[in-house]
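1. Quick one, what's the 3D model for this:
(2 chains)
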Amino acid sequence: QSALTQPRSVSGSPGQSVTISCTGTSSDVGGYNFVSWYQQHPGKAPKLMIYDVSKRPSGVPDRFSGSKSGNTASLTISGLQAEDEADYYCSSYAASYIYVGFGGGTQLTVL
Amino acid sequence: EVQLVESGGGLVQPGGSLRLSCGASGFTFSIYEMNWVRQAPGKGLEWVSYITSSGSTIYYADSVKGRFTISRANAKNSLFLEMNSLRAEDTAVYYCARVIQTGGFYHYALDVWGQGTTVTVSS
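-> Residues are numbered from 1 along each chain as shown, chains lettered A, B, ... in the order given. Model (predicted):
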């Protein structure tokens, strides 16, 4: 059972926007600005897309954005492209996790 | 090129041991905090262990505490994970990953990952 709750799947058409949610509690997502998002293509290693809720590492397109409201964080992908089809995982720090906990992952399908 | 390369995975019987290695290149390994993260077949990511740049502070997930040992050799740009008393539920791809650092501040996020090494625990 994952620490954070994500929808199992989301989908969107090319050019559209999609949002993936990540729900935690006041002890993790709601209590700290330490939410990260990772993209993982099949058979590949995860790739950091967002850290500290809304910061983008160098090289990540600005089509990817992150936000947080209360105990729920969100990853929004605008201008969907075929290569965005992947699994996405959220992560958050919490003292109870010892370091970080991950969400169960969301499969994004580009229709 | 910034790179992490894991090795040491394989098939091991329940109760057995295995030592994973992770070689770093393209960056100053000695100043970065590091982690091991695993992914069971068809499942999500699970954080396993963390170590500071000097090795002075170490954390483990409850699921591996007392059985796994993380260590590093900064002079050899290497990270290790010693795994003992292995169980079927330890079967996974194991990734080493670097903690992102900006302006000397460490964030709770992992910006460089290896390709992973597969550990299979089965009789």
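2. Quick check: neighbours of the top strand by length along chain A in the sheet, parallel or antiparallel?
-> Using DSSP state E to define each element, chain A has its longest strand at strand A:86-93. As defined by DSSP bridges, the strand partners of strand A:86-93 come to strand A:35-40 (antiparallel), strand A:100-102 (antiparallel), strand A:106-110 (antiparallel).
3. tell me the contacts of residue A:9?
-> By Cβ atoms under 8 Å, 6 or more residues apart in numbering or on different chains, the residues touching residue A:9 are A:106, A:107, A:108, A:109. Using the backbone N, CA and C atoms, a C-beta is placed for each residue, glycine as well.
4. Give me the buried subset of the residues you listed.
-> A:106, A:107, A:108 (16 or more other Cβ atoms under 10 Å in any protein chain shown).
5. For residue A:58, state which of these is nearest.
-> Sorting those by how near they are to residue A:58, with Cβ to Cβ, puts residue A:108 at the top with 22.6 Å.
6. Contacts only, for that closest one.
-> A:9, A:10, A:11, A:12, A:18, A:20, A:77, A:84, A:85, A:86, A:87, A:88.
7. so residue 59 is in which element?
-> Reading this off chain A. Secondary structure assignment for residue A:59, by DSSP states H and E: no helix or strand.
8. that's the wrong chain, I wanted chain B
-> strand B:58-60.
9. and that strand, what does it pack onto?
-> strand B:45-51, strand B:68-73 (3 or more Cβ pairs under 8 Å, 6 or more residues apart in numbering or on different chains; DSSP states H and E).
10. So what are the sheet partners of it and their directions?
-> Strand B:58-60 pairs in its sheet with strand B:45-51 (antiparallel), by DSSP bridges.
11. ok so, going back, out of the helices and strands packed on strand B:58-60, nearest to residue B:101?
-> For residue B:101, the closest of the helices and strands packed on strand B:58-60 is strand B:45-51, at 13.9 Å, according to Cβ to Cβ.
12. CA atoms only for that closest one, dumped as CSV, please.
-> What follows is strand B:45-51, C-alpha atoms only, in CSV (Å, rounded to 0.1, in the frame of the first residue of the first chain):
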residue,chain,number,x,y,z
LEU,B,45,8.7,2.8,-6.6
GLU,B,46,9.8,2.1,-3.0
TRP,B,47,12.5,4.0,-1.2
VAL,B,48,15.0,1.7,0.4
SER,B,49,17.9,3.6,1.9
TYR,B,50,19.7,7.0,2.2
ILE,B,51,23.2,8.0,3.0
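13. what's the offset of the helix or strand bottoming out on mean pLDDT in chain A from the middle of its chain?
-> One helix or strand of chain A scores below all others by mean pLDDT, DSSP states H and E: strand A:100-102, with a mean of 93. Strand A:100-102 sits 12 Å away from the centroid of its parent chain (Cα atoms, centre = their mean, to the nearest Å).
14. With stretch B:63-81 instead?
-> Centroid separation between stretch B:63-81 and its chain, computed with Cα atoms, centre = their mean, is 7 Å.
15. Distance check, residue A:86 against chain B.
-> Between residue A:86 and chain B the computed distance is 13 Å (Cβ to the nearest Cβ, to the nearest Å).
16. what sits against that residue?
-> By Cβ under 8 Å, 6+ apart, the residues touching residue A:86 are A:39, A:40, A:41, A:42, A:107, A:108.
17. What segments of the chain are strands?
-> Going with chain A. Here chain A has its strands, by DSSP E, at A:9-12, A:18-23, A:35-40, A:47-50, A:64-69, A:72-77, A:86-93, A:100-102, A:106-110.
18. that's the other chain; I wanted chain B
-> Secondary structure of chain B (DSSP E): strands at B:3-7, B:10-12, B:18-25, B:34-39, B:45-51, B:58-60, B:68-73, B:78-83, B:92-102, B:105-113, B:117-121.
19. Alright, I will stop here.
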